[in-house]
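In: Sharing a model prediction with you, sequence too.
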There are 2 protein chains.
Amino acid sequence: MAKTKRPPVQTSSEPVVPLFAQVESRLREDILNNRLPPGAKLPSEAELEVAFGVSRITVRQALAQLHKQGLINKINGKGSFVTRPSDAPRLGPLTGFYEHMRTRGNSPSGRTLSVREVRASKEAAEALQIEPGSLLTQIKILRSVNGQPMAYGVLHALPPIAHALIQENLDDHDVVSILEVSLGYRLASIQIEAGAVAAGKLRGRLLEVDPATPLVHIRFTPHDVMGQPLTYSDMYFRSDRFTYKAVVKR
Amino acid sequence: MAKTKRPPVQTSSEPVVPLFAQVESRLREDILNNRLPPGAKLPSEAELEVAFGVSRITVRQALAQLHKQGLINKINGKGSFVTRPSDAPRLGPLTGFYEHMRTRGNSPSGRTLSVREVRASKEAAEALQIEPGSLLTQIKILRSVNGQPMAYGVLHALPPIAHALIQENLDDHDVVSILEVSLGYRLASIQIEAGAVAAGKLRGRLLEVDPATPLVHIRFTPHDVMGQPLTYSDMYFRSDRFTYKAVVKR
DNA sequence: CAGTGGTCTAGACCACTGC
DNA sequence: CAGTGGTCTAGACCACTGA
């Protein structure tokens, strides 16, 4: 006996949620709430075993899920630790513009050009999974490196997220870093879409290039571990100085 | 007893290869060899258990690895099946150019412009993890849709791979599809690098656009499940008709 | 040395598929 | 109904970490 019974975690009537999924989501909550802050050591598998009243294999299955999502990493002989966003597996070699530049010994900077409330366009609404016409905050930014303008971007996000981003010094950090490090979001994936356009008058003036210069146009939509899209950005890069790199996995 | 002994799969002295990894790689071999062709049903977990002389949990761990690599998929109540490359999880929404176009009701076509042997450039050598100056086969291709030229590409690969690609009708299929479907490679990831360039004379003439037209330049390096790079391609797309989409995951 | 995660076993009940 | 994968248990030995 002991295995025909089933009341250890299952409070009472919850339908068919596997035990490991329950353990997983309780741990995930603790992590996302910062009750288990980045870098913190999780209880050992043996402790979790008794805490949740499940077997070790079940604990390990839950931990494996969290590991796959990049929320924790496991070190043999030491324990499991909440991932610091900065040492999470990279979302492709270039997630953040600033990070990319800094590793090359450059000094990136940014300038917020404008912030205003707009109605969601069809594209933005689709990307953010909201109704077209919903209220969004639009932020226009110019990114420079060593004093030379490099990229021009238009970001759309729900007002609370956008305002949180602005609070966190959007001029000195890239969006992805702020979302992860400062706002505590856990990014699972980023949808990208790449094209090429001529700079045109506006972008040409801002980026100090001829209007005919080709620019890389990249649309970014980062999604968190729950599959929720967070922001929608159109970035235009001077392609003479910049290539976007990423790794597409199965 | 029965667990203190350790001679079931371990032939004799192999150092510390976990059992599940041995099961995994033997199954992977069978799949990659086409001894277990796409769509084939794997032996049931119970059968594998006795075949390899290991416990079910070990079998499942091996299968989980293969599943994660996209080599098999498991259907409850039916069994585990070798993935048909076409129903493997997509490598991003747009892996293949042709596939992309066909789903839009267009009829893509291609024309091989030239094939020759060249010495590996620094970039190609790095991407393909070989020595610079090694012999590579270079293939230039023009891709059209509905009779309109859309993309121009230069592919580099080791001669055996390149010649296999040519044999398989490079004009009517994209590289990724041929690698997976016809040549049986299992792709795990694709490195991409996106930029923008002016078409220039040569590409402008081939793509029937003005030399000043911006083109999307995308470098593709597909890698198989063993981490081996297979080809290195520079593709130039007419950006008025095309955007490259992908999902970057952790 | 103790603590931790990594691997493994033997055996069990369940839900789903298809006859 | 039998066959299959999904989940779970209790208990075990190992390799690695760090005191």
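Out: Received, thanks.

In: what comes into contact with the host helix or strand of residue A:29?
Out: Assignment of secondary structure by DSSP states H and E places residue A:29 within helix A:19-32. Taking CB atoms under 8 Å, 6 or more residues apart in numbering or on different chains as the criterion, the residues outside helix A:19-32 that touch it are A:8-10, A:14, A:35-36, A:42, A:48, A:52, A:54, A:58-59, A:61-63, A:65-66, A:69, A:71-72, A:82, A:184, A:186, A:225. Where you see a C-beta, it was placed from the backbone N, CA and C, and this is true even at glycine.

In: The same query, at a cut-off of 6 Å, please.
Out: Residues external to helix A:19-32 that are found in contact with it (CB atoms under 6 Å, 6 or more residues apart in numbering or on different chains): A:9, A:36, A:52, A:54, A:58, A:61, A:62, A:65, A:71, A:82.

In: Show the subsequent helix or strand relative to that helix.
Out: Moving toward the C-terminus from helix A:19-32, the next helix or strand (DSSP H and E) is helix A:45-52.

In: wait, does that following helix contact DNA strand C?
Out: Yes. Counting by CB under 7 Å from any atom of the strand, contacts between helix A:45-52 and DNA strand C involve A:45, A:46, A:47.

In: what about dumping the CA coordinates of that helix to PDB?
Out: As requested, C-alpha coordinates have been extracted for helix A:45-52 and formatted as PDB (Å, rounded to 0.1, in the frame of the first residue of the first chain):
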ATOM      1  CA  GLU A  45      15.900  17.000  -3.300                       C
ATOM      2  CA  ALA A  46      15.600  15.100  -0.100                       C
ATOM      3  CA  GLU A  47      14.100  18.100   1.700                       C
ATOM      4  CA  LEU A  48      11.600  18.700  -1.100                       C
ATOM      5  CA  GLU A  49      10.700  15.000  -1.000                       C
ATOM      6  CA  VAL A  50       9.500  15.400   2.600                       C
ATOM      7  CA  ALA A  51       8.200  18.900   2.200                       C
ATOM      8  CA  PHE A  52       5.900  17.900  -0.600                       C
END
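
In: Show me what it is packed against.
Out: Packing contacts for helix A:45-52, counted by 3 or more CB pairs under 6 Å, 6 or more residues apart in numbering or on different chains; DSSP states H and E, involve helix A:56-68.

In: can you pull the buried residues of the helix it packs on?
Out: By neighbour count with 16 or more other CB atoms under 10 Å in any protein chain shown, helix A:56-68 contains the buried residues A:58, A:59, A:60, A:61, A:62, A:63, A:65, A:66.

In: Doesn't residue A:223 lie inside a strand?
Out: Yes. Inclusion of residue A:223 in a strand is indicated when DSSP: H, G, I helix; E, B strand; the rest coil is applied.

In: State the distance from it to DNA strand C.
Out: Per CB to the nearest atom of the strand, to the nearest Å, residue A:223 is found 27 Å from DNA strand C.

In: Can you name the residues bridging to the residue positioned nearest the centre of chain A?
Out: Centre of chain A computed as the mean C-alpha position; nearest residue by CA atoms, centre = their mean is residue A:187, 3.0 Å away. Per DSSP bridges, residues listed as beta-bridge partners of residue A:187: residue A:224.

In: contacting residues for it?
Out: Neighbouring residues of residue A:187 by CB under 6 Å, 6+ apart: A:180, A:222, A:224.

In: quick one on the thing from earlier: going through the residues of helix A:45-52 next to DNA strand C, which ones are buried?
Out: For the residues of helix A:45-52 next to DNA strand C, buried by 16+ other CB under 10 Å: residue A:45.

In: Kindly indicate which of the residues of helix A:45-52 next to DNA strand C lies nearest residue B:218.
Out: The shortest gap between residue B:218 and any of the residues of helix A:45-52 next to DNA strand C belongs to residue A:45, at 44.2 Å (CB to CB).

In: Mind pulling up the pLDDT for that closest one?
Out: Model confidence at residue A:45, given as pLDDT, is 93.

In: I'd say it and residue A:61 touch.
Out: No. When contacts are counted by CB atoms under 6 Å, residue A:45 is not listed as touching residue A:61 (10.9 Å).

In: can you tell me which of the buried residues of helix A:56-68 are up against DNA strand C?
Out: Checked against DNA strand C using CB under 7 Å from any atom of the strand, the buried residues of helix A:56-68 yield the following neighbours: residue A:60.

In: could you point out where chain A is predicted with low confidence?
Out: A:1-16, A:85-106 (pLDDT under 70).

In: in stretch A:196-214, what's buried?
Out: Along stretch A:196-214, these residues count as buried under the neighbour rule (16+ other CB under 10 Å): A:196, A:197, A:198, A:199, A:203, A:204, A:206, A:207, A:209, A:213, A:214.

In: Those residues: which two are farthest apart?
Out: Based on CB to CB, the longest span within the buried residues of stretch A:196-214 runs between A:196 and A:206 and measures 17.5 Å.

In: So which bits of chain A are right by DNA strand C?
Out: Going by CB under 7 Å from any atom of the strand, the residues of chain A near DNA strand C are A:3-4, A:16, A:42, A:44-47, A:56-57, A:60, A:74-80.

In: one more time with 6 Å, if that's ok
Out: A:3, A:4, A:44, A:45, A:46, A:57, A:60, A:74, A:76, A:77, A:79, A:80 (CB under 6 Å from any atom of the strand).

In: can you pull up the bridge partners for the closest residue to the third one other than its chain neighbours?
Out: If you skip the residues right next to it in sequence, residue A:44 has residue A:79 as its closest partner in space, 6.0 Å away by CB to CB, 6 or more residues apart in numbering or on different chains. Listed by DSSP bridges, the beta-bridge partners for residue A:79 are residue A:75.
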